[in-house]
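Asker: only the shape, not the letters, is given here:
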């Protein structure tokens with residue numbers, strides 16, 4: 001069975017490149033780390049935190065984010081996002097997420113993910129597509 005524990009953590013990181021900026025992403029007009037990219041890095045940390053303790057054939061999907069982006073990060077700086085598992089409610093996993101650049105905290109919040117059986121989940125996705133590959 002799944003071996004998830006309250007307090008499990010994982011940290012994802014990247015160095016901010018032009019492709020990660022608000023201007024490149026289309027979510028803003030300046031060349032600083034974009035909010036959508038920060039949220040993506042946070043989700044990645046939560047995904048990997050859960051995935052390391054899931055049985056084969058299982059994964060998680062993101063269902064909600066409640067995040068604030070509190071400071072701008074210039075290109076060239078390293079950003080780290082850490083997810084900590086703070087709640088398990090059946091198949092629902094609740095994570096506390098924090099992101100830091102080289103100078104300060106840049107974001108924080110909560111993120112929920114649900115445990116899924118990959119085969120069953122993808123079968124339902126294929127049904128929505130009409131079974132066409």
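Answerer: Thanks, I have the structure now. Small disclaimer: the values here were computed from a predicted structure and weren't measured.

Asker: drop to CA atoms for contacts and neighbour counts, all remaining ones
Answerer: OK.

Asker: any idea which element the residue nearest to the spatial centre of the chain lies in?
Answerer: Residue closest to the mean C-alpha point of the chain, counted by C-alpha atoms, centre = their mean, is residue 43 at 0.3 Å. Assigning secondary structure by DSSP states H and E places residue 43 in helix 35-51.

Asker: quick one: buried residues of stretch 116-123?
Answerer: By 16 or more other C-alpha atoms under 10 Å, the buried positions in stretch 116-123 come out as residue 116.

Asker: and that stretch, how far out from the chain middle?
Answerer: Relative to the chain's own centre, stretch 116-123 is displaced by 20 Å; criterion: C-alpha atoms, centre = their mean, to the nearest Å.

Asker: ok, residues contacting it?
Answerer: Stretch 116-123 is contacted by residues 57-61, 91 when judged by C-alpha atoms under 8 Å, 6 or more residues apart in numbering.

Asker: one more: stretch 46-57?
Answerer: With contact meaning C-alpha under 8 Å, 6+ apart, stretch 46-57 is reached by 1-4, 8-10, 59-61, 82-85, 95, 97, 111, 113, 117-119.

Asker: chain center to that stretch: distance?
Answerer: Distance, stretch centre to chain centre, for stretch 46-57: 13 Å (C-alpha atoms, centre = their mean).

Asker: now swap in stretch 74-93 and tell me
Answerer: 6 Å.

Asker: buried sites along that stretch?
Answerer: Buried residues in stretch 74-93, counted by 16+ other C-alpha under 10 Å: 74-75, 78-86, 88, 92-93.

Asker: export the contacts of stretch 116-123 to JSON lines and tack on pLDDT and secondary structure?
Answerer: Output for the contacts of stretch 116-123, formatted as JSON lines (pLDDT from 0 to 100; DSSP: H, G, I helix; E, B strand; the rest coil):
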{"residue": "57", "pLDDT": "95", "secondary structure": "coil"}
{"residue": "58", "pLDDT": "96", "secondary structure": "strand"}
{"residue": "59", "pLDDT": "97", "secondary structure": "strand"}
{"residue": "60", "pLDDT": "97", "secondary structure": "strand"}
{"residue": "61", "pLDDT": "98", "secondary structure": "strand"}
{"residue": "91", "pLDDT": "96", "secondary structure": "coil"}
